[in-house]
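In: Any chance you could fold what I've pasted below:
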Amino acid sequence: MALKKIFFVVILIVAGFAMATAGVRDPHSDKNLVNFYAHQGYEYFLKKDTLTLESEESPYVISFYYMVYDNIRPEKTNWSKENKMAFAYDVEERKVYFVDDNGNLSFLNPNGTIAEGSGYAQGAEIVYYLAFGEKFYGTYDNDFYNSIE
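Out: Numbering: from 1, shown residues only. Purely as a prediction, here's the structure:
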């Protein structure tokens, strides 16, 4: 009899977990969201419909809004919170810069450490490709570009 009670409790726990996670929204299935960065259990999704070309001469500045998805605890994701980010692209030098809130530029070294911006370099490539339909660095394979269209 005790074994049946334990089995019943386990079934209730599993069913409760399944019901709790069933209602969690999945950003991977939203065609307007593109994952451009991930770090320590968080995924950063840019909203394609917010891409804005802020400067039409080099360096090109492209801004966008993004949301942060908690991949470990999806139910904790704040879907209504949007953050703004911008990248500046020097096409002649093939360099990308992070633009802070004050308009200052910080070089994103695609071959450096995460602290040097290498984590955002791939995201900057995604943003440029979405905005212009062209590769910026061009160092990624075709599957990479096909996955973001």
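
In: phi, psi of Tyr66?
Out: In terms of degrees, to the nearest 10, the main-chain angles of Tyr66 are phi -140, psi 160.

In: Does it touch Tyr42 like I think?
Out: No. Using Cβ atoms under 8 Å, Tyr66 is not in contact with Tyr42, being 11.1 Å away. For glycine as for every other residue, the C-beta is placed from the backbone atoms N, C-alpha and C.

In: out of these two, which sits in the busier spot?
Out: Tyr66 (23 against 13; other Cβ atoms under 10 Å).

In: For the more buried one, give its distance to Lys47.
Out: Note on Tyr66: its distance to Lys47, by Cβ to Cβ, to the nearest Å, is 7 Å.

In: who touches both of these two?
Out: Glu82 (Cβ atoms under 8 Å, 6 or more residues apart in numbering).

In: Which secondary structure state does the closest residue to Phe107 other than its chain neighbours sit in?
Out: The shortest distance from Phe107 to any non-neighbouring residue, by Cβ to Cβ, 6 or more residues apart in numbering, is to Tyr97 (5.6 Å). Recorded secondary structure, Tyr97: strand (DSSP: H, G, I helix; E, B strand; the rest coil).

In: so what's Tyr97 up against?
Out: Going by Cβ under 8 Å, 6+ apart, Tyr97 touches 59, 87-90, 105-108.

In: hmm, try it at 7 Å
Out: Residues in contact with Tyr97 (Cβ atoms under 7 Å, 6 or more residues apart in numbering) are 59, 87-88, 105-108.
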